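Q: I'd like to go over a predicted model; first the sequence, then the structure.
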Amino acid sequence: MRHTRAAGVTLVEVLVVIAIVAVLAGLLLPAVQQARAAAATAAACKNNLRQIALGALNYEATVGALPSGVNLISPSAQYPGLGWLALLLPYVEQAPLWETAVAAYAFQGNYPNPLLPPHVGIQTPLALYACPADPRQATAHSTKGGYRVAVTGYLGVAGQNLTTADGTLYYSSHIRLRDITDGTSNTLLAGERPPSPDYWYGWWYAAGSIGTVDTIVGVRGLSDNSDPGAANCPAGP
């Protein structure tokens, strides 16, 4: 009677297969981790924008209009030069910081001077206003003029540019939800744009100009040619 030998694999073959699987896993794991990190970052960014939008809606429900993109810069104005994200502070669970802003204006009375201590908000980073994809926004930075400022990647949509005043958050705006005839679901409230490399543009607390290179942005924004730093600050969201 003839016996046949069962086919099998050797120990060397098993070790080779294990080594191949280990190499493939080593190649794929970083890619998977990067994909997960990117997804987590995108989710965190969307959540920030959602919370900001809810704060804006609560502001409108309380005050009767969305906040001004940038408050009127005038000695007779209340909180001159203050940006829309600062105006939202009481509506995004930052009431203590808002109270310091009110007290600072009561003390100073005009446009926030970053060199004076009352306006601590101008150099206070807020996680809600910082895009997770840009670690620069998590800390305050020194910029020209001896200023130390906190920046943001979330800017109000001023419309096309600083001259058109056809957005939701422009200079000295006072837009009510019922004024948005296209419907709020079809209208942009805020967009994303990183701060300029020198941190002269992109402050969340206040705006030094009425142009769409500061706390508000135009979808077809005009460059501020008076300042070379604006050339490094993209105009669109």
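A: Looks like it arrived, so ask away.
Q: which elements pack onto the longest helix along the chain?
A: The single longest helix within the chain, with elements called by DSSP state H, is helix 11-63. Counting contacts by 3 or more C-beta pairs under 8 Å, 6 or more residues apart in numbering; DSSP states H and E, helix 11-63 packs against helix 84-87, strand 154-159, strand 190-192. In this view, the C-beta of every residue, glycine as well, is placed from N, C-alpha and C.
Q: one more pass at 7 Å, please.
A: Here helix 11-63 touches strand 154-159, going by 3 or more C-beta pairs under 7 Å, 6 or more residues apart in numbering; DSSP states H and E.
Q: quick one: strands adjacent to the strand it packs on?
A: As defined by DSSP bridges, the strand partners of strand 154-159 come to strand 190-192 (antiparallel), strand 216-218 (parallel).
Q: for Leu82, give its distance to Val219.
A: Using C-beta to C-beta, to the nearest Å, we find Leu82 at a distance of 23 Å from Val219.
Q: of these two, which one has the most company?
A: Neighbour count, other C-beta atoms under 10 Å: between Leu82 and Val219, Leu82 has more, with 27 against 17.
Q: so where is this structure shaky, pLDDT-wise?
A: Scanning the chain for pLDDT under 70 picks out 1-9, 28-42, 116, 208-213, 221-237.
Q: ok so, going back, so which of the strands paired with strand 154-159 comes closest to His119?
A: His119 lies closest to strand 216-218 among the strands paired with strand 154-159, at 19.3 Å (C-beta to C-beta).
Q: put the alpha carbons of stretch 177-187 into CSV.
A: Taking Å, rounded to 0.1, in the frame of the first residue of the first chain, the C-alpha atoms of stretch 177-187 are listed here in CSV:
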residue,chain,number,x,y,z
LEU,A,177,-31.9,87.2,9.6
ARG,A,178,-35.0,88.4,7.8
ASP,A,179,-32.7,90.6,5.7
ILE,A,180,-31.1,87.5,4.2
THR,A,181,-33.5,87.0,1.3
ASP,A,182,-31.5,84.1,-0.2
GLY,A,183,-32.1,82.1,3.0
THR,A,184,-29.7,81.4,5.8
SER,A,185,-29.0,77.9,4.5
ASN,A,186,-27.7,79.4,1.2
THR,A,187,-25.7,82.3,2.8
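Q: in that stretch, what counts as buried?
A: Using 16 or more other C-beta atoms under 10 Å as the burial criterion, the residues of stretch 177-187 that qualify are Leu177.
Q: chain neighbours aside, what residue packs nearest to Gln160?
A: Sequence neighbours aside, Arg220 is the residue nearest to Gln160 in space, at 4.8 Å (criterion: C-beta to C-beta, 6 or more residues apart in numbering).
Q: I'd guessed Trp204 sits against Val149; true?
A: No. Contact between Trp204 and Val149 fails when scored by C-beta atoms under 7 Å: they sit 8.9 Å apart.
Q: how long is stretch 205-218 end to end?
A: 18 Å (C-alpha to C-alpha, to the nearest Å).
Q: please apply the same query to stretch 185-200.
A: End to end - C-alpha to C-alpha - stretch 185-200 spans 32 Å.
Q: tell me how far that stretch is from the chain's mean position?
A: With C-alpha atoms, centre = their mean, to the nearest Å as the basis, stretch 185-200 stands 6 Å off its chain's centre.
Q: one step back: how about the strands paired with strand 154-159 in JSON lines, adding distance to Val157 and mean neighbour count?
A: Formatted as JSON lines, these follow (distance: least, C-beta to C-beta, whole Å; neighbours: other C-beta atoms under 10 Å):
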{"stretch": "strand 190-192", "distance to Val157": "5", "mean neighbour count": "19"}
{"stretch": "strand 216-218", "distance to Val157": "6", "mean neighbour count": "29"}
